[in-house]
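[1] Sequence first, then the predicted structure, then my questions.
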Amino acid sequence: MAHKEQTDSMSILVIVGRDAHSWRIISGFQNCGNHVSVVHKYKDIDKTLYDLVLVDPSTNFDPTLRLRYKFLMFYDCEDSAEHFDPDVAYYAMKDKVTAYVKMNWVEDDRADGIKNIGFPLPVYSDLRQITSFQSRSNNYTPFLVCSPTFLGHYNTDKEVDTGLHTRYLSKIDDETLYSQRVQWFLSLRENGIGYRGGIVFGKEKTNLCLSWQKKYFGNVEQFTYHPITRQDYIKFLFEFNIALCPTGHERIGWRIFDAMAAGSIIFRTDFCGRKMMIMPKESIEVKDDEDISLVLSNSSNRYSEFSKAAKDNQVLLNISNYDIMKIFKDQYYD
């Protein structure tokens, strides 16, 4: 695909409050060729006229008097679609902003009338180079290499019978913990479905380490996998046609974009109404109460068809920086 050259980069100011992942929106816009300035304090805001000013609503001051802009928006880069941390800036500026820019969101989540839109993730432009690769094997082995799920992160929107599913559900201080990654690996192992990959556990004394995960989810050691490089991860996506994308730290993990770019057949978790700026066009949804092994078995006679359809996902990421920014802008012009 021939890409249109970018001709209208934006000047963007990001005012950072308590958001822990502002680097995502900063690098996302920078990767698309925009000039991004970042400030944390009121006194550091200059009098430049910016095409776009993005304000973290948790900022503890009102920057309005020092701002010159064409568009003014809030932003939120946290993993949870429900995350909302308002402070002085939100209450002072909520009647002035054009939109609320989020990594992922559900419609009308704050009930404040501000439209949610997505921003360009850094991974969008990074993956363009692999979208044109067409060489794939005919190996329909499911593939998943992942970290465990953070403990203390409730990741299902449904009531689940903990008495029936104790091996991938647990509790901390009456909070239900759900590890769909463990759930899927257990199903594959117990139903004799061959797969490639496993769980890469984190450093000791963190809630991602093996000892912590074993405490809450039992014999997860059987799924241990060694760390792999990003290059090898992409290589495996082309070698094994089926990419498993269960919920992890959030419903839409970034690995789904790797699978889209590679043209993998995507078996994914229920997004539960969550949205991002770019979403897969072709995928197979697996509900929380469904058995991934059964879904795979029932789909096996259509793998060739699904593999052809998956090329439509590659097209979504085989786009120029200009087109990524056009998708962003079209959200608030609609």
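    Alright, I've got the coordinates. Residues are numbered from 1 along each chain as shown.

[2] quick one: average pLDDT of the longest helix that the chain contains?
    When secondary structure is assigned using DSSP state H, the longest helix within the chain turns out to be helix 321-333. Confidence over helix 321-333 (mean pLDDT, whole number) is 95.

[3] what do you get for stretch 108-117?
    93.

[4] Name the residues of it that are buried.
    By neighbour count, and taking 16 or more other CB atoms under 10 Å as the criterion, the buried residues in stretch 108-117 are 109, 110, 114, 115, 116, 117. Heads up, the C-betas are built off the backbone N, CA and C, glycines and all.

[5] Save the residues you listed as a markdown table, and put in distance to residue 270 too.
    Supplementary listing: the buried residues of stretch 108-117 in a markdown table, determined by distance: CB to CB, whole Å:
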| residue | distance to residue 270 |
| --- | --- |
| 109 | 17 |
| 110 | 22 |
| 114 | 26 |
| 115 | 24 |
| 116 | 19 |
| 117 | 23 |
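
[6] Just the closest of those to residue 264, please.
    If you rank those by distance to residue 264 using CB to CB, residue 117 comes first, at 27.1 Å.

[7] I'd like the buried residues of stretch 108-117 laid out as CSV, including secondary structure and distance to residue 81.
    Rendered in CSV, the data for the buried residues of stretch 108-117 read as follows (DSSP: H, G, I helix; E, B strand; the rest coil; distance: CB to CB, whole Å):
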residue, secondary structure, distance to residue 81
109, coil, 7
110, coil, 11
114, coil, 15
115, coil, 15
116, strand, 9
117, strand, 13
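
[8] circling back: now the longest helix of the chain, how far from the centre of its chain.
    When C-alpha coordinates are averaged (CA atoms, centre = their mean, to the nearest Å), helix 321-333 and its chain have centres 19 Å apart.

[9] where do the helices sit along this structure?
    Counting by DSSP H, the segments of the chain that form helices are 22-31, 88-93, 122-126, 180-190, 210-217, 230-239, 255-262, 292-299, 303-309, 311-317, 321-333.
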